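Enquirer: have a look at this fold, sequence not included:
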């Protein structure tokens, strides 16, 4: 046998043998089960309650929350927020068709956002109860800058869109085309880079408020 044949024979011996499809499926199921079992248990089986509790649990997330029964009640919740914070009823509204149809009488509405906006209202695509995270996908109906430029960011989230863990979001979007930009927002913007002191609004909104619908 030539040196070339010796080398090729050694390579063939080193190649993995074909595995039984059932064995492969069993291994995949075991890995998936291990991933599920490793996820932290939520303190509340009600995902909306768990999400709300995480939002207000500590200074790191630093958000507030309100609840309404229907999407039509969202403008009233925004009014309450403005009253609590002493804000003028002026806001930038996400060009989401369902939000645009609501009764925003009494508000001054802007369709575009600038660098000195006080308040923006947007509808999140998903929420994650484990971390208190809101998920936004960029699109013509969901401009990215609404999540970064205002001082106050009000996020409306449907109760049915609250997921337990980040992995559940990945599974929910598995069959959807990837958007140009995905923003995972956990609380108000902040940094403690300078002398360990937490500063709000360092590179985004200083206040985050979630309105849970349903």
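Expert: Great, that's in hand. Keep in mind that what you see is a predicted model, and the values were worked out from it rather than measured. Numbers count the residues shown, from 1 in each chain.
Enquirer: looking at residue 43 now. What's its pLDDT?
Expert: On the pLDDT scale, residue 43 is placed at 75.
Enquirer: let me fix that, I meant to ask about residue 197.
Expert: At residue 197, the pLDDT value in this model is 62.
Enquirer: ok, now residue 142?
Expert: 93.
Enquirer: quick one: contacts for it?
Expert: 94, 96, 122, 123, 125, 136 (C-beta atoms under 8 Å, 6 or more residues apart in numbering). C-beta coordinates here come from the backbone N, C-alpha and C atoms, glycine included.
Enquirer: ok, now with 7 Å
Expert: Residues in contact with residue 142 (C-beta atoms under 7 Å, 6 or more residues apart in numbering) are 94, 96, 122, 136.
Enquirer: wait, isn't the second one in contact with residue 124?
Expert: In this case it means residue 96. No. Residue 96 is beyond contact range of residue 124, at 10.3 Å (criterion: C-beta atoms under 7 Å).
Enquirer: the two - which one has more neighbours?
Expert: Each of residue 96 and residue 124 has its neighbours counted (other C-beta atoms under 10 Å); residue 124 has more, 23 against 16.
Enquirer: what's the more buried one sitting at in phi/psi?
Expert: As for residue 124, its main-chain torsions (degrees, to the nearest 10) stand at phi -80, psi 150.
Enquirer: same check, this time on the one 3 residues further on
Expert: Geometry field for residue 127 lists phi and psi as phi -140, psi 150, criterion degrees, to the nearest 10.
Enquirer: that one pairs with what?
Expert: In this structure, residue 127 bridges to residue 134, residue 162 when assessed by DSSP bridges.
Enquirer: which stretches of this protein form helices?
Expert: 3-14, 21-38, 47-55, 74-85, 97-100, 166-172 (DSSP state H).
Enquirer: where in this structure is pLDDT low?
Expert: The chain contains residues with pLDDT under 70 at 1, 27, 30-38, 58-61, 189-203.
Enquirer: the residue lying closest to residue 69 once chain neighbours are set aside: what's it in contact with?
Expert: Among residues not flanking residue 69 along the chain, residue 214 sits closest, at 7.2 Å (C-beta to C-beta, 6 or more residues apart in numbering). Going by C-beta under 7 Å, 6+ apart, residue 214 touches 158, 159, 160.
Enquirer: how about residue 57: what's its closest non-neighbour residue?
Expert: Closest residue to residue 57 apart from its sequence neighbours, by C-beta to C-beta, 6+ apart: residue 132 at 7.3 Å.
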